[in-house]
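# Need coordinates for the below:
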Amino acid sequence: MTAKIGVILGTAREESLGGKIFKYLKDTMKDSSDIEYTWINLRDYPLPLYDHPETPLEDKIQNLSSNEEKWLDTLSEQDGFVIMTPEYDRAISGALKNALDYVGGEVARKPVQVVAYSHFSDGGIVAAASIVPILQMLSMIVLPSAALLWNADPNFTDDGEMVNDVENSDHFASRLKEVFHEINFYTQTLKANPYK
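The predicted structure is shown next:
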């Protein structure tokens, strides 16, 4: 049984630190017979600010645009998630929050691991903490320890390669490998043993 894990890049910026890390992960974390990754870049799902009359956790959204429908269908197809979030003014990005505002039952009871990253020494810790209640409200199973990547600009090239001789690169590579090992385990376990 193959489990599908969606890796969400939680920024819509054209050039970003997150985009470099996303490329690195895409090149490093490969599909296997047990796991298939779906690489979900918010730029590929341009969503207007949420203005439907429905509350997605209560009622199915009507009159979805093609991009909105594509976003929700992609989430529904996944069994687990890794959400990559930058920290903007002590919170997750507006693009990521808006994308999550569309979500209802598509992600319920599915495991999620958070990866926060920052240009600064805090590693996005406040963004990592601020997304947890949002994901819990969506009935997701949030894994206990977010991965934090601090002062990470020098560690990744524009092409998504890890710069090995830069401080913390070994730690970041090891931590990201651990993150994917953990989400793979919980996603496979919960897919094989669904909540009833």
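
# all strands for the protein, in order.
In the chain, the strands defined using DSSP state E lie at 3-9, 35-41, 80-86, 111-117, 141-142, 147-149.

# tell me the residue furthest from the middle of this structure?
Farthest-out residue of the chain from its mean C-alpha position, per Cα atoms, centre = their mean: residue 165, at 27.2 Å.

# sorry, back to before: would CSV of the strands of the chain with mean pLDDT and mean neighbour count be doable?
Placement of C-beta: from N, CA and C, glycine included. As requested, those are exported to CSV (pLDDT from 0 to 100; neighbours: other Cβ atoms under 10 Å):
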stretch, mean pLDDT, mean neighbour count
strand 3-9, 98, 23
strand 35-41, 98, 17
strand 80-86, 98, 26
strand 111-117, 98, 26
strand 141-142, 98, 18
strand 147-149, 97, 22
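
# need the ones you listed in TSV with distance to residue 27, can you?
Below are those laid out as TSV (distance: least, Cβ to Cβ, whole Å):
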stretch	distance to residue 27
strand 3-9	12
strand 35-41	11
strand 80-86	15
strand 111-117	16
strand 141-142	27
strand 147-149	16
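
# all helices for this protein, in order.
17-28, 66-76, 94-101, 125-137, 169-192 (DSSP state H).

# How about the residue nearest the centre of the chain: what's its closest non-neighbour residue?
For the chain, the residue nearest the mean C-alpha position is residue 83 (1.4 Å; Cα atoms, centre = their mean). Excluding the flanking residues, the one nearest residue 83 by Cβ to Cβ, 6 or more residues apart in numbering is residue 8, at 4.8 Å.
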